[in-house]
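> test case, fold it:
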Amino acid sequence: MYVDSCIFVKLLTPEPNSIDFSRYCVGKCLHTSELSWTEVFSALLSKERAGRISTESRKRAWRRFGLWVDQGSVVMMTLNRTSLNKANLTLTQCHPEIPLRTQDAIHLAAADLSQQFPLITTDGRIIEAAKKLKMPFFDGKPTGSTDL
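Below is the predicted model:
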């Protein structure tokens, strides 16, 4: 399964539908882009700034994420020229209908290169692109997912 950064934040801190995604992901090897290393850290800092988690909770969540990576429960796909070229192709394939952000395209490219489906996300743009690119995805909604 390929997991984007927003889902890791749900797995690490309490959010709406965190429990549902935890049940779906527990015990499975999760793949993501190396981009997630910084995106997850940034999201945890943002939640702390907003007062949604404490400093200690942020630090604990970050340690847990690092442990998942160190233990191999989370496999990071290399961010390199191949993945960036694939991201550019993804941007082109979705243009002009879906205005993907750079990090969205990188996640979609890494998911495609890894072939670790479904792509797990709640990001609307990534979901629309996954549909267009015919990538299996899981968004936590029974009627919206194409988890094959």
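> all contacts plus neighbour counts: C-alpha atoms, from now on.
Noted.
> low-confidence stretches in the chain?
Applying pLDDT under 70 to the chain picks out residues 142-148.
> which residues sit against the biggest helix by length in the chain?
In terms of residue count, the longest helix belonging to the chain (DSSP state H) is helix 55-71. Applying C-alpha atoms under 8 Å, 6 or more residues apart in numbering, the contact partners of helix 55-71 are Leu12, Thr13, Phe41, Leu44, Leu45, Glu48, Val74, Val75, Met76.
> which SS state does the third one fall under?
Spelled out, that is Phe41. Following DSSP: H, G, I helix; E, B strand; the rest coil, we place Phe41 in the helix state.
> what count of nearby residues applies to it?
A count of neighbours around Phe41, defined by other C-alpha atoms under 10 Å, yields 17.
> could you find the closest non-adjacent residue to it?
Spatial nearest neighbour of Phe41, excluding adjacent residues (C-alpha to C-alpha, 6 or more residues apart in numbering): Trp62 at 6.8 Å.
> repeat for the second one
Here the nearest residue to Thr13 in space, its sequence neighbours aside, is Ala61; by C-alpha to C-alpha, 6+ apart that works out to 6.9 Å.
> that neighbour and Cys6, how far apart?
Per C-alpha to C-alpha, to the nearest Å, Ala61 is found 13 Å from Cys6.
> which of those two has more neighbours?
Higher neighbour count among Ala61 and Cys6: Ala61, with 20 against 16, using other C-alpha under 10 Å.
> what about the residue nearest to Thr121 when sequence neighbours are not counted, neighbour count?
Using C-alpha to C-alpha, 6+ apart and skipping the chain neighbours, the partner closest in space to Thr121 is Asp139 (5.3 Å). Asp139 is flanked by 20 other residues according to other C-alpha under 10 Å.
> likewise Val9?
If we define neighbours as other C-alpha under 10 Å, then Val9 has 21 of them.
> which residues touch the nearest residue to it once chain neighbours are set aside?
With C-alpha to C-alpha, 6+ apart as the criterion, Val9 has its nearest non-adjacent residue at 6.3 Å, and that residue is Val40. By C-alpha under 8 Å, 6+ apart, the contact set of Val40 is Ser5, Cys6, Phe8, Val9.
> ok, Val40 to Thr122 distance?
Counting by C-alpha to C-alpha, the gap from Val40 to Thr122 is 15 Å.
> sounds good, over and out.
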